[in-house]
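K.L.:
make a model of this:
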Amino acid sequence: MQRPNFEDIKTGEEFNQWYWLKSEMVEICKCSGLPTTGRKFDLRDRIMYALDHDGKLKPEPKKQKTKSKFNWAKSELSLETIITDNVSFGPNFRRFMKGIIGNKFSCHSDFMDWVKSNEGKTLAEAVKKWHELEERKADPDFKRTIADNNMLAQYTRDFLEDNKNRTLKDAKKYWNLKKQLPTKDGFVRYESADLKLG
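P.N.:
Residues are numbered from 1 along each chain as shown. As a prediction, this is how the structure comes out:
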């Protein structure tokens, strides 16, 4: 069973049975007169809503206004700088962290999540937390959480853990076969039965 052309899909549920690249969904939004900005899941939900509501745009929730006026892009940062509700991880923030931690600093999602959820703490505490998060790498059982939208990375990890004698090339081969099949919710997940696909 092959994925149908978008023009032949009638409902959001049917659309969600298939794997779509973000670039494909951007193109669908363009052709459907829908906004093309946002994360992959935002685009998917927008398209599904339009299919089920005669092409209408999905109402967007109102964004919460930030209280802080602190300018993270231009202000001089220090270890005493307080994390605010409008914290930004742009060049100024990254430059400061690299100046303290060194070139090994990377602004990974675990760290950014911690910073965003710790308004009121200082950048000194953020630096300490970054080091704590990095120390976990020494644990052979440690696995960083993979974001839901990074299905390829999750599939690859699960495939290689279940097939110790297989390679990254094999994982990609089975991913490419699996992503062409319908799913319950649009998520492509590894299963041991995938090895029967090719």
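
K.L.:
which element is the closest residue to residue 194 other than its chain neighbours on?
P.N.:
Using C-beta to C-beta, 6 or more residues apart in numbering and skipping residues adjacent in sequence, the residue nearest residue 194 is residue 174, 4.9 Å away. Any C-beta I mention is one placed from the backbone N, CA and C, and that applies to glycine too. Per DSSP states H and E, residue 174 falls inside helix 168-178.

K.L.:
for that helix, packing partners?
P.N.:
Packed against helix 168-178 by the contact rule (3 or more C-beta pairs under 8 Å, 6 or more residues apart in numbering; DSSP states H and E) you find helix 151-162.

K.L.:
buried residues in the least confident helix or strand in the chain by mean pLDDT?
P.N.:
The least trusted helix or strand in the chain, going by mean pLDDT, DSSP states H and E, turns out to be helix 109-116, with a mean of 92. By neighbour count on 16 or more other C-beta atoms under 10 Å, the buried set for helix 109-116 is 111, 114-115.

K.L.:
what of stretch 50-68?
P.N.:
Buried, per 16+ other C-beta under 10 Å, within stretch 50-68: 50-51, 58.

K.L.:
ok, now stretch 28-42?
P.N.:
By 16+ other C-beta under 10 Å, the buried positions in stretch 28-42 come out as 28-29, 34, 38, 40, 42.

K.L.:
contact partners of stretch 64-79?
P.N.:
Outside stretch 64-79, the residues that touch it by C-beta atoms under 8 Å, 6 or more residues apart in numbering are 81, 84-88, 90-93, 96, 100, 122-124, 127.

K.L.:
determine which two of those are furthest apart.
P.N.:
Maximum pairwise distance in these, criterion C-beta to C-beta, is 22.5 Å, between 85 and 100.

K.L.:
what residues go with each domain of the protein?
P.N.:
Using automatic domain parsing, the domain parsing of the chain gives 6-52, 68-144, 151-197.
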